[in-house]
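Undergrad: Sequence and predicted model, in that order:
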6 protein chains.
Amino acid sequence: MHFTYLNPTNPATFKDRYVTKVAETIVPFSKERKGEVGLIGLPSSKSSISLSMAANAPSTIRKALNSFSTYAATQKHDFKNEGIVDFGDVPIHPTSVIETLDRLHISIQEMLQTDACDRYIMLGGDHGISFPSIHAFQKKYGTIGVIQWDAHHDVRNLEDGGRTNGTPFRSLLEEGIIKGEHLVQVGIRNYSNAQAYDQYAHDKGIHVYMMEDIEEHGILPIIDKELERLSNEVDFLYLSVDMDSVDQAHAPGCPAIGPGGFTSRELLSSIKKAAQHPKTKAMDIVEIDPSQDVRDMTSRLAAHVMMKFMYKV
Amino acid sequence: MHFTYLNPTNPATFKDRYVTKVAETIVPFSKERKGEVGLIGLPSSKSSISLSMAANAPSTIRKALNSFSTYAATQKHDFKNEGIVDFGDVPIHPTSVIETLDRLHISIQEMLQTDACDRYIMLGGDHGISFPSIHAFQKKYGTIGVIQWDAHHDVRNLEDGGRTNGTPFRSLLEEGIIKGEHLVQVGIRNYSNAQAYDQYAHDKGIHVYMMEDIEEHGILPIIDKELERLSNEVDFLYLSVDMDSVDQAHAPGCPAIGPGGFTSRELLSSIKKAAQHPKTKAMDIVEIDPSQDVRDMTSRLAAHVMMKFMYKV
Amino acid sequence: MHFTYLNPTNPATFKDRYVTKVAETIVPFSKERKGEVGLIGLPSSKSSISLSMAANAPSTIRKALNSFSTYAATQKHDFKNEGIVDFGDVPIHPTSVIETLDRLHISIQEMLQTDACDRYIMLGGDHGISFPSIHAFQKKYGTIGVIQWDAHHDVRNLEDGGRTNGTPFRSLLEEGIIKGEHLVQVGIRNYSNAQAYDQYAHDKGIHVYMMEDIEEHGILPIIDKELERLSNEVDFLYLSVDMDSVDQAHAPGCPAIGPGGFTSRELLSSIKKAAQHPKTKAMDIVEIDPSQDVRDMTSRLAAHVMMKFMYKV
Amino acid sequence: MHFTYLNPTNPATFKDRYVTKVAETIVPFSKERKGEVGLIGLPSSKSSISLSMAANAPSTIRKALNSFSTYAATQKHDFKNEGIVDFGDVPIHPTSVIETLDRLHISIQEMLQTDACDRYIMLGGDHGISFPSIHAFQKKYGTIGVIQWDAHHDVRNLEDGGRTNGTPFRSLLEEGIIKGEHLVQVGIRNYSNAQAYDQYAHDKGIHVYMMEDIEEHGILPIIDKELERLSNEVDFLYLSVDMDSVDQAHAPGCPAIGPGGFTSRELLSSIKKAAQHPKTKAMDIVEIDPSQDVRDMTSRLAAHVMMKFMYKV
Amino acid sequence: MHFTYLNPTNPATFKDRYVTKVAETIVPFSKERKGEVGLIGLPSSKSSISLSMAANAPSTIRKALNSFSTYAATQKHDFKNEGIVDFGDVPIHPTSVIETLDRLHISIQEMLQTDACDRYIMLGGDHGISFPSIHAFQKKYGTIGVIQWDAHHDVRNLEDGGRTNGTPFRSLLEEGIIKGEHLVQVGIRNYSNAQAYDQYAHDKGIHVYMMEDIEEHGILPIIDKELERLSNEVDFLYLSVDMDSVDQAHAPGCPAIGPGGFTSRELLSSIKKAAQHPKTKAMDIVEIDPSQDVRDMTSRLAAHVMMKFMYKV
Amino acid sequence: MHFTYLNPTNPATFKDRYVTKVAETIVPFSKERKGEVGLIGLPSSKSSISLSMAANAPSTIRKALNSFSTYAATQKHDFKNEGIVDFGDVPIHPTSVIETLDRLHISIQEMLQTDACDRYIMLGGDHGISFPSIHAFQKKYGTIGVIQWDAHHDVRNLEDGGRTNGTPFRSLLEEGIIKGEHLVQVGIRNYSNAQAYDQYAHDKGIHVYMMEDIEEHGILPIIDKELERLSNEVDFLYLSVDMDSVDQAHAPGCPAIGPGGFTSRELLSSIKKAAQHPKTKAMDIVEIDPSQDVRDMTSRLAAHVMMKFMYKV
Ligand SMILES: [Ca+2]
Ligand SMILES: [Ca+2]
Ligand SMILES: [Ca+2]
Ligand SMILES: [Ca+2]
Ligand SMILES: [Ca+2]
Ligand SMILES: [Ca+2]
Ligand SMILES: [Ca+2]
Ligand SMILES: [Ca+2]
Ligand SMILES: [Ca+2]
Ligand SMILES: [Ca+2]
Ligand SMILES: [Ca+2]
Ligand SMILES: [Ca+2]
């Protein structure tokens, strides 16, 4: 049977013969599949201190990739052949956060064992996913340096609520998975953290840049300087992008929005800069709650962050 | 490569081993595929007189089938093996309504030529889709009787705007595809139609039931009586369900909402009654604009209408 | 200059030559203008106890008249020639409620002095408008009977906040403008009023029907009985329709929504019944806040109430 | 210091001297405090299979009590002196559902040990809270009969996801806390459950009433009959009210909404009937997600359910 | 009859005697009417590739002119006497895009033939309206230069969907209505276009400025340079303002929103600059879908764009 | 009775032992209470020219203080011991704006008479509250200088509508409470004011800075210069922050939003600068309507403004 118009296995959308949408370059992982960038969804947000539906973000961000094409006019380059290998979403456990974190960790390990990709994007979920994720990368790739875009340190104590989304970097440091001086935090804000955790960050040797530093020096020189430093000390660079580092006017869909953060331009240009470094191989994007967003604006920005990471343009 | 939790080709949702979601019984059409009910999406709403995004309804209604299981406790029967064969959505033409109506017509004809299914569900889109749809069924199956749930006659003149969503039954009558006496309209409302069209309906012999008739006699006796009459005169019964026949409190997502329509219970019980007739073989569901709906309530009701049609329970 | 399509003074909407929208029958008042029904907007809601934007309702309800045609199929009658004479909206005073109430009163008096119409519709605004409105009718027409659809008595004391929207009937009774036994309240709810006001209503001789009475006896027999009684005692019947008498599922746009009220069908059938009485000459519709409504559902219902009043069908 | 208008410890709202709001009758528990009805919030929804923010419902429902007064006109009785003793909300654990269920259980036990109240209302949260809640009542009061308003059986297997909101009655039965024949389920719907769980309900002797039974016989006779039966077999009656038993048009704020459920009137009259039984001493209200509601309609309905339970009118 | 407060033909809004709203300077076209700026609405969006309700924008933008006064304090000048002559909205054809484009073209031609105005504003609608609009201006005024604010080239092929909103400049170039070198595009974005169309723009000699160019050089020098160049080559300058050139944080109501576009300040200052050129005589504003906007923010920005064009301040 | 988890008098939220929320530093005023900053709510918006629910802002802003901690990392200082003394909200009169303004005035006077605090924050409400507020401060503290962040002069005539939110500074000047040269207005916009009022401002000697001045010179130098000048002439500096001075993208919840205003960063840095001056002792924040806001973004910004004022960091 031939159909003139119907295609039972594909959605029916307008197709311009000359346009490739980024979403069209996504293919599910299969054995023979090799590709530039691996993609995995980590739809976990039951570890959030404040209730959030951030678990729904992986599908919203994937959908937002339908709004972008693969062509970078500034370089006269079409990235349509640089595909994304999608490993799917990790099914979370409905009632056990511990079990969910295990599943995330094991799944990322298994993804890395396929050796199918050179670089990886992890879509959260809340920031709790960075602990099992970075741990998996450390096991595979050795010493890890992390640049974290965030309004918050995320080094809360573990006694008051377990491994919440406020604790991933505490867990990584306490477990010896990363070293303090290999963690760079940019976009930290006044009135969004506690003195004890600022002190902890200092004691551990974390390199912290407040929004005030960024307003004074600009984000790009800071990223440049830290990339150079880190690249001499680590084997592998991991970017951890908490979207609440962005100002509420530009990323209204984060659970913990507020004024005084990055603009979209600042975020995108700094991600591009970091992605261009040859040791930068992995990135997670976290803390988008689509149910609280305005027209999926924050997921659209996240999709644009993905392009900056994937295409370095 | 074996993954413990990941499945790159399937969404990661909670699975209870004993529950089958109706959405899980949908399979894309393929040659060897036979099934009880065929499903096709007709995402066309550029023929709407009032601007509408009803073209987005097929995907929303399909998604709403995730909210329902296949088990009918009143009959102690699980319909999990009575699958739905999905022929996909017809791609519409961005700027030509004529071309879109042709594509719908040809695609339904081709679907019917597969002989894969006994019964069919068409998901609009606006009511304009019923003209090419019923025409295709008439070509294949002979004399067609139609029961139309609608607040409106939909027999507007064709001069003032072409084949809009206000004209499908005018077109069908003028083209001789159905006869007036083979068309039953239930739920027609005062202050929602014109005298000329009421007169036209009368002249053509359409059987019209106002909401006042339904409040007086109940919807079930009316359906019963008309089913019996029609079944003696036609080869095939087609249900055309304009969701704006339902009261705005129960179906808030229709472009032309208003008070004084059917309750959900009235709609569902009358669809069930009509679906149980052996000659009832096809149904379309139209006029849901998901962008104007409240929590996809109207698409959820449409999904429930599908179950009443498919399972007759 | 002749334009082929443009019409600088009229909106450009689709026109079906056989359809007359109710909104098209509205003409601004002018000296030579005589018509069946006069319409006036009373966009006042600064007297509301709870903050409300009910002042925006007159324009929303007028717009909703675009969703309805003039044809009543049950009577085979087109009301397209029974026009509405629009006196416009009374400009309110930004900071003085007293001044606003005066302007409403004077404007209705002046409207009545034109003798342009037989019957009148007043669009609020909050329920505070009924005091100056009914007062104006009483001056012109003598003894007034009022049927009030409302969840609340609206006979609060005047000391605690002046002439709020909780006080119009208190004011009318205290000022001797209407008599207690000439006021009928239908739809009063438990847990929505105070004992002191129930007692006051009783002392004044108001005829009160609780929702429990309506569930037991039906709304139509109650309206019938009271119409007959009142018509022997008064010169003129005024309907005061607080939309919060309707259940929150059917009228979600009222400031004081709640469960357990009238369905749309109950409201519409009872208005029709009351409107058919020859002494029924005026109606106000109050307590719709369009900013809190869902798809202007409550304004659409109000527009339907207008048709029931105007056309008695 | 005396203030003419200010009151630093109380909110500044309009006060009518004759009106008592139900919310004004709430007092925090303290040792000397005795009262008719105890109130406790169980803001737990991390056990929900589908992500939900039902944990926010206790505060929304409490706020909705500001929309109702204490006066029942049908009985000419003001309940202003029948206060509510508020034990506050149980703080949940951010990452451990097991720990959260323990805290709920212990807190309800401690509440019951105060002997401060005769009857109790538990505000969820998701339906998972009924397991620790009913367990606590059973320990204190002996054999418990439960009437459950719900579209779902909530007897899912515990292997696929632990003690989710789909399992409370499975847990209660498996742990021997209640007997199957002491559980009455009203409002169960087709296409919302699985055959295995229907069978389980049957095997355990649960009395199940489908919506079809209710449409046929009415809800009140069913409640009557079961109250009489249960009261001979149990020491204590507990009502468990899952708001998704109500139709989506009347309770749009539940995570699992759908058509074909109870109307508000059916829910309220049946709660009243059940509450009037002398053995009925406790009630929980669950499955309201305020973030998905329309104008807190579902919380308003829940507040009305509370009045029916507290005042039996 | 004299009314103290009522004015049946005018809306009742607060009037400050010293304030003139821009909306108050709008008068419908009539023969004797001459004015600075002509205004026409082109409510057409059925040519949009993605479904949009952009057809509703003309009325929303006109309404937004009520939010602005005519006084420019920086110049100490009140523009209250520089009126807007409104030609109304062109009625579109419900089912034929071709017919709609014809009506737009003819209507603009007829507007220009009145010679009533020196300069013109066209309110779309989607970008498809620029083809018939610019064509009409070219017929009347000769060689046209166009500056287009847009994230997209809008030179898609015509085979895949006809004259959609992605094609107006392709159509103008192919039909020889404008020359490539007379078209300046500012704000074009990476990942929003195709290589084939970038190449096409290059081959045709279009002057393209990416957002990266604007971030580097600033928008004003670019506009300056191109104004000077164009003014030597063309008779007439036409500005075509696709609001999706603006960042999603500043123009959330466009169908195709995304991050990384112009700020409001960049848009407004560049429009002012271009409007000040004596050859700049016409402007269209397109791609606002009010149903997707936040508080009509994008229409408010469009209204401000109008002031920059009209008053050059 | 000891409870393990329950606390009947406190809300149950997650508590990190090292974090102090700004909201936790609020204590109700009591006699023995001394504190750095006094807080009072002025929930008055019935004086607004355009209908607004700005009266709800005090409670929303207070709630937003839960989103911020007391720690300023840039200074390594935790402000947890610099408490806020809350005098509560002034109850407004439902129908009399005059009476409401009196209550505000008297209440602020009484607050100042307690001598409990050194500095004060007034939360509006609409801008009408600044008249009674500044008047009270003038009575207590002598010559007052005011810096007003606003898009509007707020010196409208009093004849057209009484003491609306467009008149507070007119009232203050006319009553001789402040002098024109002691009033500095920053952020005034073109197309948002009238010539007569610009002239009035000039005649009275008000120092006016347009947005164009700010784009040219920057906001900080302007604030610096005016602080220095004013501090030589006045006893006391009062900041009056109309949030509509901020761009609509950054403060979407103001009644009169528009493009071209301050960014959040500009507002916050300028408030900080002004707050650091030793004579700056009071601030009001006005014109937030929470019902029109997006995710309480504008209230969050207002809360951040409070921190800048309180902590000067
Ligand atoms: Ca984080
Ligand atoms: Ca963060
Ligand atoms: Ca129809
Ligand atoms: Ca219809
Ligand atoms: Ca009332
Ligand atoms: Ca009422
Ligand atoms: Ca349940
Ligand atoms: Ca349930
Ligand atoms: Ca465009
Ligand atoms: Ca564009
Ligand atoms: Ca102001
Ligand atoms: Ca202002």
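TA: Here it is on my side, so go on. Ligands and ions are numbered 1, 2, ... in the order given.

Undergrad: Centre of the chain to stretch A:262-271, how far?
TA: The chain centroid and the centroid of stretch A:262-271 are separated by 14 Å, computed with Cα atoms, centre = their mean, to the nearest Å.

Undergrad: export it as PDB, just CAs?
TA: Taking Å, rounded to 0.1, in the frame of the first residue of the first chain, the C-alpha atoms of stretch A:262-271 are listed here in PDB:
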ATOM      1  CA  PHE A 262      22.400  36.600  33.700                       C
ATOM      2  CA  THR A 263      20.800  37.800  30.500                       C
ATOM      3  CA  SER A 264      20.300  35.300  27.700                       C
ATOM      4  CA  ARG A 265      23.100  36.800  25.800                       C
ATOM      5  CA  GLU A 266      25.500  36.500  28.700                       C
ATOM      6  CA  LEU A 267      24.500  32.800  29.200                       C
ATOM      7  CA  LEU A 268      24.800  31.900  25.600                       C
ATOM      8  CA  SER A 269      28.100  33.600  24.900                       C
ATOM      9  CA  SER A 270      29.700  32.000  28.000                       C
ATOM     10  CA  ILE A 271      28.400  28.600  27.100                       C
END
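
Undergrad: any bit of that stretch sitting next to chain E?
TA: Yes - Stretch A:262-271 lies within reach of chain E by Cβ under 8 Å from any Cβ of the partner chain, at A:264-265, A:268. For the C-beta atoms, the positions are set from N, CA and C on the backbone; glycine is no exception.

Undergrad: On the three-state scheme, whichever residue of the stretch 1-150 of chain A sits closest to ligand 4 is what?
TA: Closest contact between the stretch 1-150 of chain A and ligand 4, by Cβ to the ion, is at A:Ala12 (24.5 Å). When classified by DSSP: H, G, I helix; E, B strand; the rest coil, A:Ala12 comes out as coil.

Undergrad: And it, how close does it get to B:Ser45?
TA: Note on A:Ala12: its distance to B:Ser45, by Cβ to Cβ, to the nearest Å, is 14 Å.

Undergrad: Compare neighbour counts for the two and give me the winner.
TA: More neighbours surround B:Ser45 than the other of A:Ala12 and B:Ser45, with 30 against 21 (other Cβ atoms under 10 Å in any protein chain shown).

Undergrad: Do a quick rundown of the strands in the stretch 101-250 of chain A.
TA: Using DSSP state E, counting those that start in this stretch, the strands of the stretch 101-250 of chain A run over A:117-124, A:144-149, A:183-188, A:207-210, A:236-242.

Undergrad: quick one, which of those is nearest to chain D?
TA: The closest of the strands of the stretch 101-250 of chain A to chain D is strand A:117-124. By Cβ to the nearest Cβ, the value is 13.8 Å.

Undergrad: Just send the strands of the stretch 101-250 of chain A back as CSV, with distance to D:Val90 and mean neighbour count too.
TA: Converted to CSV, these look like this (distance: least, Cβ to Cβ, whole Å; neighbours: other Cβ atoms under 10 Å in any protein chain shown):
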stretch, distance to D:Val90, mean neighbour count
strand A:117-124, 28, 23
strand A:144-149, 34, 27
strand A:183-188, 33, 26
strand A:207-210, 37, 19
strand A:236-242, 30, 26
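
Undergrad: of all the ones you listed, which lies closest to ligand 1?
TA: strand A:236-242 (3.7 Å).

Undergrad: That closest one close to chain F?
TA: No - Strand A:236-242 is not in contact with chain F by Cβ under 8 Å from any Cβ; minimum separation 15.5 Å.

Undergrad: Show me what that strand is in contact with.
TA: Under the criterion Cβ atoms under 8 Å, 6 or more residues apart in numbering or on different chains, residues A:127, A:130, A:134, A:137, A:141-152, A:154, A:227, A:230-231, A:254, A:267, A:271, A:274-275, A:277, A:279-287, A:302, A:305, A:309 lie in contact with strand A:236-242.

Undergrad: Pull up the gap between the residue lying closest to A:Gln276 once chain neighbours are set aside and B:Gln185, please.
TA: Spatial nearest neighbour of A:Gln276, excluding adjacent residues (Cβ to Cβ, 6 or more residues apart in numbering or on different chains): A:Lys312 at 4.8 Å. As for A:Lys312, its distance to B:Gln185 is 61 Å (criterion: Cβ to Cβ).

Undergrad: And A:Thr167, by the same measure?
TA: Distance of A:Thr167 to B:Gln185, computed by Cβ to Cβ: 63 Å.

Undergrad: Could I get the phi/psi values of the nearest residue to A:Ile26 once chain neighbours are set aside?
TA: Excluding the flanking residues, the one nearest A:Ile26 by Cβ to Cβ, 6+ apart is A:Ile84, at 4.6 Å. With angles defined as degrees, to the nearest 10, A:Ile84 sits at phi -110, psi 130.

Undergrad: Beta-bridge partners for A:Ile84, please?
TA: A:Ile26, A:Val37 (DSSP bridges).

Undergrad: since we're on it, how many residues are nearby?
TA: Close neighbours of A:Ile84, defined as other Cβ under 10 Å, add up to 21.

Undergrad: cool, and A:Phe262?
TA: Count around A:Phe262 with other Cβ under 10 Å applied: 24.

Undergrad: List just the nearest of the residues of stretch A:262-271 next to chain E to chain B.
TA: Nearest to chain B among the residues of stretch A:262-271 next to chain E, with distances taken as Cβ to the nearest Cβ, is A:Ser264, at 25.3 Å.

Undergrad: In contact with the closest one, which residues are there?
TA: Contacts here follow Cβ under 8 Å, 6+ apart; on that basis A:Ser264 touches A:246, A:250-251, A:301, A:304, E:247, E:249, E:259-260.

Undergrad: JSON lines for these, including pLDDT, distance to F:Leu158 and neighbour count?
TA: Below are the contacts of A:Ser264 laid out as JSON lines (pLDDT from 0 to 100; distance: Cβ to Cβ, whole Å; neighbours: other Cβ atoms under 10 Å in any protein chain shown):
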{"residue": "A:Val246", "pLDDT": "98", "distance to F:Leu158": "45", "neighbour count": "30"}
{"residue": "A:His250", "pLDDT": "98", "distance to F:Leu158": "41", "neighbour count": "25"}
{"residue": "A:Ala251", "pLDDT": "98", "distance to F:Leu158": "44", "neighbour count": "30"}
{"residue": "A:Leu301", "pLDDT": "98", "distance to F:Leu158": "47", "neighbour count": "28"}
{"residue": "A:His304", "pLDDT": "98", "distance to F:Leu158": "51", "neighbour count": "25"}
{"residue": "E:Asp247", "pLDDT": "98", "distance to F:Leu158": "41", "neighbour count": "28"}
{"residue": "E:Ala249", "pLDDT": "98", "distance to F:Leu158": "39", "neighbour count": "27"}
{"residue": "E:Pro259", "pLDDT": "98", "distance to F:Leu158": "46", "neighbour count": "24"}
{"residue": "E:Gly260", "pLDDT": "96", "distance to F:Leu158": "47", "neighbour count": "23"}
